[in-house]
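J.: This is a predicted model, with the sequence first.
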Amino acid sequence: MIPSPPISSLSLGPLTVHFYAICILAGIGFALWWATKRWVARGGDGDDLFDIVFVAVIAGIVGSRVWHVLTSPAPFFGPDGNPLAVFYIWQGGLAIYGGVAGGAIAVWIMARVKKVSFTALADTIGPTIMAAQILGRFGNWFNQELYGPELDAWWAWDVTCVTNGQTIGGCEPGMYHPTFLYEQLWNLVGLAVLLLLSRRLQWAGGRVFWAYVAIYSVGRAGIDAIRTEPVLMVGPLRIHTLVAILTALVAIGVFTLLTVRKQRRGGEVVAADGSFELSAQTAGNGPDEDEVEKSGTPPSTDDDPAPGP
């Protein structure tokens, strides 16, 4: 049995620290650290990446909240809704697809401001987003949200509907499917598979990013189908389930097209500057202008083949 935490926040004088926010920030912090290492390995500048990620995080949070409100409007604009709760993001309600879309648009804009490859950025950040999602989902555990139907099994989640001594509105105590945990485990396995295949098969040119989108969306489609929180329905399907299915199909299609294009062009974007090769690293971890680790193809002379948001 998975217990529920008795508290979801701490009061430090006039300041209230919400554990949901801490989990989200922990995911962002880890993703930034890891993405910086991956970006520098591609010949990029860590300070540039920080600027890009800073803007992308803000845009991602706004996008994820907008998507959540649009797909679950009842708590905000329903008969007993509170429109001001739109701004209460510490209570939960950040939708990943809105976050990825908002963040991707910001990265696309910042890539042009910094004059770096959007394609290389997407491949750099893709796996780190999945890692951030794993950490961020702990916030749903603290908030006692995102669970499936009732479950009589040893791994069932005991939802008490009580936090900080107060009853959570609209919550029914019981033993439920821990869908937040299912998504964490799927992302963990998906991340391992993504890293293994991308390194062994030398994916680049946007294919790492789209592989991440496909892997996440396949799992999300199945997991979301058993979640029980109210959401906009499209026929018999929850809107998130439908979006996940469509996104998975698009991602698989784009990945296939990028693979065919690599074969046709004889290479794909690998480096931060949009070239098809990475500079070899010296013992001092700086680029060696005399030695170059070839990918077997010449530098790209075309525009950056961006994978899109």
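T.: Looks like it came in fine. Worth saying up front: this structure is predicted, and the values here are computed from it rather than measured. Numbers count the residues shown, from 1 in each chain.

J.: Poorly predicted segments of the stretch 151-300 of the chain, please.
T.: Across the stretch 151-300 of the chain, the ranges flagged by pLDDT under 70 are 280-300.

J.: How about residues contacting stretch 66-85?
T.: 86, 91, 93-95, 97-99, 101-102, 170, 229-232, 239-240 (Cβ atoms under 8 Å, 6 or more residues apart in numbering). Quick note: C-beta positions are derived from backbone N, CA and C, even for glycine.

J.: Drop anything exposed from these.
T.: 86, 93-95, 97-99, 101-102, 229, 231, 239-240 (16 or more other Cβ atoms under 10 Å).

J.: among these, which are in helices?
T.: Using DSSP state H, the members of the buried ones among the contacts of stretch 66-85 that fall within helices are Y97, G98, G99, A101, G102, I239, H240.

J.: And the helices in the stretch 101-250 of the chain?
T.: For the stretch 101-250 of the chain, the helices defined by DSSP state H, counting those that start in this stretch cover 118-136, 138-143, 179-200, 207-224, 239-265.

J.: Remind me what the longest one packs against, helices and strands.
T.: Looking back up the chat, that one is helix 239-265. Where contact means 3 or more Cβ pairs under 8 Å, 6 or more residues apart in numbering; DSSP states H and E, helix 239-265 is packed against helix 96-114, helix 207-224.

J.: For it, buried residues please.
T.: For helix 239-265, the neighbour count (16+ other Cβ under 10 Å) marks 239-245, 247-248, 251-252, 254-255, 258-259, 262 as buried.

J.: Same check on stretch 192-211?
T.: For stretch 192-211, a neighbour-count test (16+ other Cβ under 10 Å) marks L194, S198, W203, A204, G205, G206, R207, V208, F209, W210, A211 as buried.

J.: any idea how far the spatially closest residue to G190 that is not a sequence neighbour is from A26?
T.: The shortest distance from G190 to any non-neighbouring residue, by Cβ to Cβ, 6 or more residues apart in numbering, is to I215 (4.1 Å). According to Cβ to Cβ, to the nearest Å, I215 and A26 sit 22 Å apart.
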